[in-house]
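Enquirer: here is the input, now give the coordinates:
(chains A and B)
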Amino acid sequence: MLRPRIIPCLLVHEKGLVKSVQFKNHKYVGDPINAVRIFNEKEADELMLIDIDATINKEEPNFKMIQNIASECRMPLCYGGGIKNVQQAQKIFSLGVEKIALSSILIENPNLITEIASKVGSQSVVAVIDVKKKLLGGYEVYTHNGKISTGINPLDFIKKIENLGAGEIVINSIDQDGMMNGYDLKLVEQVRRSTSLPLTILGGAGNLNHIENLIQIYGIIGAAAGSLFVFKGVYKAVLINYPSIIEKDKLIEKTLKN
Amino acid sequence: MITIIDYGVGNINAFYNIFKTLGVEVSIARNSNDILNSKKLILPGVGHFDYAMNKFNESGMVESVTDLVMSKSVPVLGICVGMQMLATYSEEGKLPGLNWINADVKKIDSSLLTQTTRLPHMGWNDILVDNNNPLFHNLKEAPRYYFLHSYYFNCKNNDDTIATSIYGNKFTCAVNHKNIYGVQFHPEKSHYFGIQLLKNFANL
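Expert: Numbers count the residues shown, from 1 in each chain, chains lettered A, B, ... in the order given. So this is what the prediction gives:
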């Protein structure tokens, strides 16, 4: 049967991989190609690679880097960062990327989703939504690495972009990013109810129990994580890791039985 | 020698690199001259059926590829939408398919699914294979592959089905008719199981 996906999320900053805490304090964790090779060996379900510089620096996606990574990558690859038009999106697909992630452009030019989806199919268009808790309750969508608040309610926003042709939603919790103390399940619950699209949750996973917990509640869902798959131990030593097939099967055992 | 048909759709580099690593001679064809001496063909494909058919038609390679496959019995492996293109037509589009296998392409009936997420069928799924088919030789137990699709290949002749998977209903996820092969999943993105399958195709 179809399995939930367990997805490492890698952030690219100044050509290296970094990991943040609440979108700040980026720590260098290694070389992107090297990381991809390790995740190949560990047979990761899927890989998400986000260039966190491109939009901020108003740069085009780094096609050379994307090509290098895509041709090395033996698992489905989702690339995000700096995609602002259909030509860029198509070029990225032609380099061997399965999915593209759109974020700030969803707000600046939502119709782009429809345009890209009509060319490549909705299934390859992923909307990454960075959300942060509001002081007085509820959530808000942020862009530009958590620097720009939009005043937009993520639940309304998801419905809108689903109608425009997005094929998958990634919810990235800014509050939980790098905290490693579990996913924001309250947020997940609200998001899950507001869309029937494939959904991936990012932000907060600190151990495999957090992932198991998410999968037990929601079944077919994407459980993504950054810190969990690049750090080891309380001192956060950099060590790329990922559950083995046997460990993964154990994590999803209860879901598979249902 | 394997030739990957590059008509602007699908992950050419991923196949190229896997064959290189396996030590299999491989080339990429972008026009009909590149096709001429091909001994084996990979027909990739992603996205919308009509978009892929259109691009293939525009590539100027359809005639020579069809000649190799249908008259000279050159083995071909269609991947994802590349598999769907082997059929007569698809519910997804208006353009005719290649009609190399007697089949049509239908939308997955998602009404039988219990989870919130219905379509696309996306992620890793188990498949049940016909072990006698050379495409599945020497596979470890419990083969699983990465899928990303909303339409499935509906064989008119049951004997053409060589593997099935279940998403709501049981459906054909790999097909073989004479020298023509197709897989709905992405072997180039399915780690060990995918590499073994591509190796098997290269050894046909």
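
Enquirer: going by C-alpha atoms from here, please, whenever you check contacts or count neighbours.
Expert: OK.

Enquirer: okay, now residue 37: neighbour count?
Expert: Just going to use chain A. Counted with other C-alpha atoms under 10 Å in any protein chain shown, residues neighbouring A:R37 total 15.

Enquirer: to clarify, I was referring to chain B.
Expert: Applying other C-alpha under 10 Å, we find 10 residues neighbouring B:N37.

Enquirer: helix/strand/coil for B:Y145?
Expert: Taking DSSP: H, G, I helix; E, B strand; the rest coil as the rule, one finds B:Y145 in the strand state.

Enquirer: thought it was touching B:Q196?
Expert: No. Using C-alpha atoms under 8 Å, B:Y145 makes no contact with B:Q196, being 11.5 Å away.

Enquirer: quick one: B:I2 from B:K39, how far?
Expert: As for B:I2, its distance to B:K39 is 6 Å (criterion: C-alpha to C-alpha, to the nearest Å).

Enquirer: so for these two, which sits in the more crowded spot?
Expert: A side-by-side neighbour count of B:I2 and B:K39, using other C-alpha under 10 Å, places B:I2 first with 20 against 17.

Enquirer: identify the bridge partners of the more buried one.
Expert: Judged by DSSP bridges, the bridge partners of B:I2 are B:V26, B:K40.

Enquirer: could you check how far it is from B:Q184?
Expert: Taking C-alpha to C-alpha, one finds B:I2 at 20 Å from B:Q184.

Enquirer: tell me who's in contact with the spatially most central residue of chain B.
Expert: For chain B, the residue nearest the mean C-alpha position is B:I79 (2.3 Å; C-alpha atoms, centre = their mean). The neighbours of B:I79, taking C-alpha atoms under 8 Å, 6 or more residues apart in numbering or on different chains as the test, are B:I42, B:L43, B:P44, B:G45, B:G182, B:V183, B:Q184, B:F185, B:H186.

Enquirer: any idea which of those residues is closest to chain A?
Expert: Nearest to chain A out of those is B:H186 (C-alpha to the nearest C-alpha; 8.7 Å).

Enquirer: how about A:I221: what's its closest non-neighbour residue?
Expert: Spatial nearest neighbour of A:I221, excluding adjacent residues (C-alpha to C-alpha, 6 or more residues apart in numbering or on different chains): A:P4 at 5.1 Å.

Enquirer: lowest-scoring secondary structure element of chain B by mean pLDDT?
Expert: Here the helix or strand of chain B ranked lowest by mean pLDDT, DSSP states H and E is helix B:12-22, holding a mean of 91.

Enquirer: B:Y145 and B:Q196: which has the busier surroundings?
Expert: Taking other C-alpha under 10 Å, B:Y145 and B:Q196 do not tie; B:Y145 has more neighbours (23 against 20).

Enquirer: so what's the more buried one bridging to?
Expert: With DSSP bridges as the rule, B:Y145 is bridged to B:N125.

Enquirer: what's the separation between the residue nearest to the centre of chain B and B:L135?
Expert: B:I79 sits 13 Å away from B:L135, going by C-alpha to C-alpha.

Enquirer: just A:C73 next, same as before
Expert: 23 Å.

Enquirer: does chain A sit close to the longest helix anywhere in chain B?
Expert: Counting by DSSP state H, the longest helix found in chain B is helix B:191-203. Yes. Residues of helix B:191-203 contacting chain A under C-alpha under 8 Å from any C-alpha of the partner chain: B:H191.

Enquirer: got the buried residues for that helix?
Expert: Using 16 or more other C-alpha atoms under 10 Å in any protein chain shown as the test for burial, helix B:191-203 gives B:H191, B:Y192, B:F193, B:G194, B:I195, B:Q196, B:L197, B:L198, B:K199, B:N200, B:F201, B:A202.

Enquirer: number of nearby residues for A:E108?
Expert: A:E108, neighbours per other C-alpha under 10 Å, totals 10.

Enquirer: same thing with the one 10 residues further on?
Expert: By the other C-alpha under 10 Å criterion, the neighbourhood of A:S118 contains 14 residues.

Enquirer: before we move on, which element is it in?
Expert: According to DSSP states H and E, A:S118 maps onto helix A:111-120.

Enquirer: the longest helix of chain B relative to helix B:12-22, how many degrees between them?
Expert: 80 degrees (axes from the mean of the first three to the mean of the last three C-alpha atoms, to 10 degrees).

Enquirer: show the pLDDT at residue 195.
Expert: No chain specified, so I'll use chain A. A:T195 carries a pLDDT value of 93.

Enquirer: my question was about chain B, not that one.
Expert: On the pLDDT scale, B:I195 is placed at 96.

Enquirer: still on that earlier bit, and A:C73 and B:L135? Which one has more around it.
Expert: A:C73 (27 against 24).

Enquirer: need the contact partners of the longest helix of chain B.
Expert: Residues contacting helix B:191-203 (C-alpha under 8 Å, 6+ apart): A:40, A:43, A:74-75, B:1-2, B:18-19, B:22, B:24, B:40, B:77, B:134-140, B:143-145, B:186-188.

Enquirer: ok, of those residues, which come out buried?
Expert: In terms of neighbour count (16+ other C-alpha under 10 Å), the buried residues within the contacts of helix B:191-203 are A:40, A:43, A:74-75, B:2, B:18-19, B:24, B:40, B:77, B:135-137, B:139, B:143-145, B:186-188.

Enquirer: how about the residues of chain B by chain A?
Expert: Proximity of chain B to chain A, by C-alpha under 8 Å from any C-alpha, involves residues B:8-14, B:17, B:46-48, B:51, B:115-120, B:122-126, B:146, B:148-149, B:165-167, B:188-191.

Enquirer: is any part of the helix holding A:S118 close to chain B?
Expert: Yes. For helix A:111-120, a contact with chain B is found by C-alpha under 8 Å from any C-alpha, at A:S118, A:K119, A:V120.

Enquirer: so the second one touches B:G47, yeah?
Expert: Yes. A contact is recorded between A:K119 and B:G47 when judged using C-alpha under 8 Å, the distance being 7.3 Å.
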